[in-house]
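Undergrad: need a structure here:
(2 chains)
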Amino acid sequence: MMRIEDYADMAKIALTEDEKKSFSAQVNILTESFDILKSIDTESVKALVTVLDIKNVFRDDVAAKTVPRETLLANAPEQYGGYFQVPKTL
Amino acid sequence: MDHYTVFLEDSIMQKDTLVTAGSKMLENFVSPFDATVVKRLSESQFSLAGRVIMDEFGIPSLIFEGNEPLGAVKAVADGTASHALCNDLFGKYRKQATENGCCYIHPTYGTVSRFGLIPLASSMDQIGVVCKNLHDGFALLSQIAGKDPRDGAMFPEESYNYAPTSKNIRIGIPKFVNIETIENFAKNFQTIDIELAHFEAYKQVMYILSCAEISNNISRYDGVKFGHRATSFRGLDDLYIKTRSEGFGADVKLTAIMGTMMLSQKQYAPYYEKAMKIRRLIKESLKFDTYDIIAMPCKISDDPYENLALYALPTLAGLPAVSFAHKGCGIQLIANTKCESALLSAWEVCMA
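TA: I've put the predicted structure just below:
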């Protein structure tokens, strides 16, 4: 049985004890309400991913000017030498 | 009105402006570009006059709504703005507009560009309009609607004509509606009782799919590329966890956790995939050949989760909807894809 903190862990969120308690109560109410789904027959139904009848559209790969690097990096919490900076990963 | 002033919900990009989506996560984020709707408005007679606060990322509390109207509704209600643009995924704008003397237009999905709208649930996101009356609202919508190559999920039309159509409108009233709540409205029209297939599962399907999509979209807030970053951490994983735990508020955390659960290996088939299948059943069971518009109240309960059932249909099926107050009752009208004109006509009939 997965606990709420296991899903929080997957979502990269750490919960306080108060949050664990309050979220667990809400998650229980919500998942109980989802029981109604079981009563609906969807045996041969295809999932609806988007309401639009979208087809793949191809275009030529043409280079275009977009937002300059320094403008994008201006919002980065840390940057170094024109790159996003992250802590050591190895 | 000779001069239109438009406010933007804080989820719509405006160049060189703070765009926070109401979140600590983006408290210092300065937009590097204009959203398509902003660009189109700046070339029109509408002037951008300001920005308004919002629920964090547009996610309302499921438990408590509060008495204070959202910024976009407040600005239009008190006359500070003639219009406001926002993304009403969960119906809070639709409801509050009717409670504060305003109207709301939720356009057909895929008719207004979302380029520059901070994504929430991509298969449902749609920029809509808070306005004082639907004539003004559709006047603005005609300026911003139409294909934009920078939004990959759009209809091909370059522009839309929202002129009213015939006044001979057939209104379908779902069986769950207590007719007394909307009888003043209904007596203006030819009405028929209709059954909305699987209405009992609307709010659940809406909630499951939106949480799943939101949890996916907000995975981008990781403290690396933009937005908040925790000040002390040990390694990359700790950076992600501390940043997100500090940056997100309670409703966003709960949504992220629910979405992650719905997309997890064990829950995917019984919840997420099942909800997508029911979404198809809901959309394909509508019978717009026997009625032009579906009418329902904007509120059935004091519980925000219960009311979600009322707002789910336009969002799940990508349909146009309007909401407005009529003789003290909040009414929501829903039409078939790209049939906004019928909504305008129906509104004109009741306002006559």
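
Undergrad: hey, let's count contacts and neighbours off CA atoms from now on
TA: Fine.

Undergrad: report the separation between the most centrally placed residue in chain B and A:Glu32.
TA: Centrality entry for chain B: nearest residue to the mean C-alpha point is B:Asp88, 2.0 Å, by C-alpha atoms, centre = their mean. B:Asp88 sits 26 Å away from A:Glu32, going by C-alpha to C-alpha, to the nearest Å.

Undergrad: what do you get for B:Gly172?
TA: 31 Å.

Undergrad: which one of these two is surrounded by more residues?
TA: B:Gly172 (26 against 10; other C-alpha atoms under 10 Å in any protein chain shown).

Undergrad: partners of the more buried one in the sheet?
TA: B:Ile192, B:Ile294 (DSSP bridges).

Undergrad: how about it, what does it touch?
TA: B:Thr191, B:Ile192, B:Asp193, B:Ile194, B:Tyr291, B:Asp292, B:Ile293, B:Ile294, B:Ala295 (C-alpha atoms under 8 Å, 6 or more residues apart in numbering or on different chains).

Undergrad: just the buried residues of those residues.
TA: B:Thr191, B:Ile192, B:Ile194, B:Tyr291, B:Asp292, B:Ile293, B:Ile294, B:Ala295 (16 or more other C-alpha atoms under 10 Å in any protein chain shown).

Undergrad: these two touch, right, the fifth one and B:Ile171?
TA: Read that as B:Asp292. Yes. Using C-alpha atoms under 8 Å, B:Asp292 is in contact with B:Ile171, at 6.1 Å.

Undergrad: packing partners for the helix or strand bottoming out on mean pLDDT in chain B?
TA: Lowest mean confidence among the helices and strands of chain B (mean pLDDT, DSSP states H and E): helix B:183-186, at a mean of 90. Contacts defined by 3 or more C-alpha pairs under 8 Å, 6 or more residues apart in numbering or on different chains; DSSP states H and E place helix B:183-186 against no helix or strand at all.

Undergrad: run the last query once more with 10 Å
TA: Here helix B:183-186 touches strand B:170-174, strand B:293-297, strand B:321-326, strand B:329-335, helix B:340-351, going by 3 or more C-alpha pairs under 10 Å, 6 or more residues apart in numbering or on different chains; DSSP states H and E.

Undergrad: quick one, which of these gets closest to A:Glu70.
TA: strand B:321-326 (41.6 Å; C-alpha to C-alpha).

Undergrad: any idea of the angle the closest one forms with helix B:340-351?
TA: 0 degrees (axes from the mean of the first three to the mean of the last three C-alpha atoms, to 10 degrees).

Undergrad: strand partners (parallel or antiparallel) of strand B:321-326?
TA: Sheet partners by DSSP bridges: for strand B:321-326, these are strand B:103-106 (antiparallel), strand B:329-335 (antiparallel).

Undergrad: who are the neighbours in contact with the residue nearest the centre of chain A?
TA: In chain A, the residue lying closest to the centroid (C-alpha atoms, centre = their mean) is A:Ala11, at 8.1 Å. Residues near A:Ala11 by C-alpha atoms under 10 Å, 6 or more residues apart in numbering or on different chains: A:5, B:215-216, B:218-219, B:240-241, B:244, B:253, B:256-261.
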